[in-house]
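> Provide a 3D model corresponding to the input given below.
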Amino acid sequence: MSPDVGVVVPAYRPDPDRLRAFVESVAETVDPIRLRVELDDPLPETADALSGLPATVNTVPERRGKGRAITEGFDALETEVLAFADADGSTPATSLADVIGPVDGRAVALSVGSRRHPESEVIAHQTVVRRRLGDGFAWLARRLLDPQLTDYQCGAKAIDAALWEEVRGELRAPGFAWDVELVALTHARGGRIVEVPVTWVDAPGSTVAARDALTVVSELIAVGRRVNGEDGAGSGGAVVGDRPGVRSPTGNGGDE
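Here you go, the predicted structure:
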């Protein structure tokens, strides 16, 4: 990696031992100049368990949603390459480095990890229900959006900071559909996108559950309407984050 890479790890009530091991692995393998954990609504003992990490741990006493947590983390990085990885470590640090590589080398604007890429290695699968939900989500996303990817929501992506500044103000989805909106807005601005095969080890106890399916689909449809200009909102509406002059969403709409 170049010396100007920053990584955000969004976490909502994580397993502290798993998160600690993952963050230490990212620090050693990726060696980012900035490494930041966005920790939402933690249990009292979690913050203590994470003390001494080779990262900045930003603790927030509420559940912001994955998208909002990453957005606010990216805003704090100030690096040329911005990346994030899910706190459960399902995408290991070596694969995160692979995802960052094309953006770090300035070959693409947005690099997307993919569990469904033909060259990906899935060591531990998700449950059948979650696999079916993921397949259905990807199928629907390909029909609502122009970018045709095999996997829109793998928990590892990297983006060029200049492009981030362009799309950041248009992001509306604070929850799980944030990933998809980032992809769609990058494509709409002509940014080159690449899918990178990853090693995937599904972590038990994910905060994404079957009960979230309707919320995620609703967010996806809303993203499709916004990006395709069908909602009549134009550039107005709530924007994820708290920059001066920008309104924040009234609800979380998702989680880490």
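
> just for the stretch 101-250 of the chain, where's the confidence low?
Residue ranges of the stretch 101-250 of the chain with pLDDT under 70: 124-130, 204-213, 231-250.

> And the strands in the stretch 151-256 of the chain?
Assigned by DSSP state E, counting those that start in this stretch, the strands in the stretch 151-256 of the chain fall at 156-160, 193-197, 199-201.

> which residues sit against the shortest one?
Counting by C-beta atoms under 8 Å, 6 or more residues apart in numbering, strand 199-201 makes contact with 89-92, 94-95, 115, 120-124, 154, all of which sit outside it. For every residue, glycine as well, the C-beta is placed using N, CA and C.

> Same question for the second one.
Taking contacts as C-beta under 8 Å, 6+ apart, the residues outside strand 193-197 that touch it are 95, 98-99, 101-102, 107-114, 117-121, 147, 149-151, 183, 186-187.

> Could you give the separation of that strand from the chain centroid?
Relative to the chain's own centre, strand 193-197 is displaced by 14 Å; criterion: C-alpha atoms, centre = their mean, to the nearest Å.

> and that strand, C-alpha only, in CSV?
Extracted in CSV, the C-alpha atoms of strand 193-197 (Å, rounded to 0.1, in the frame of the first residue of the first chain):
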residue,chain,number,x,y,z
ILE,A,193,-15.6,0.4,-11.2
VAL,A,194,-13.9,-2.9,-10.8
GLU,A,195,-15.0,-6.0,-8.9
VAL,A,196,-12.2,-7.8,-7.0
PRO,A,197,-12.5,-11.5,-5.9
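
> And that strand, what's buried?
By 16 or more other C-beta atoms under 10 Å, the buried positions in strand 193-197 come out as 193-197.

> Quickly run through the sheet partners of that strand, with directions.
The strands beside strand 193-197 in its sheet (DSSP bridges) come out as strand 110-114 (parallel).

> any idea how far residue 91 is from residue 138?
16 Å (C-beta to C-beta, to the nearest Å).

> Find the nearest non-adjacent residue to residue 216, please.
Distances taken as C-beta to C-beta, 6 or more residues apart in numbering put residue 176 closest to residue 216, at 5.0 Å, once the chain neighbours are dropped.

> Export the buried residues of strand 193-197 as TSV, with columns for distance to residue 226.
As requested, these are exported to TSV (distance: C-beta to C-beta, whole Å):
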residue	distance to residue 226
193	18
194	24
195	23
196	26
197	30
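
> rewinding a little: now the strands of the stretch 151-256 of the chain as CSV including distance to residue 63?
CSV is the format used below for these (distance: least, C-beta to C-beta, whole Å):
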stretch, distance to residue 63
strand 156-160, 21
strand 193-197, 29
strand 199-201, 25
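
> and of those, who's closest to residue 225?
Nearest of these to residue 225, taken as C-beta to C-beta: strand 193-197 at 20.8 Å.

> quick one: that closest one to strand 156-160, angle?
Comparing the axes of strand 193-197 and strand 156-160 via axes from the mean of the first three to the mean of the last three C-alpha atoms, to 10 degrees yields an angle of 150 degrees.

> let's have the chain start at 431 instead
Noted, 431 is the first residue going forward, which turns the last one into strand 623-627.

> more crowded one of residue 521 and residue 568?
Neighbour tally, residue 521 and residue 568, criterion other C-beta atoms under 10 Å: the higher count belongs to residue 521, 24 against 19.
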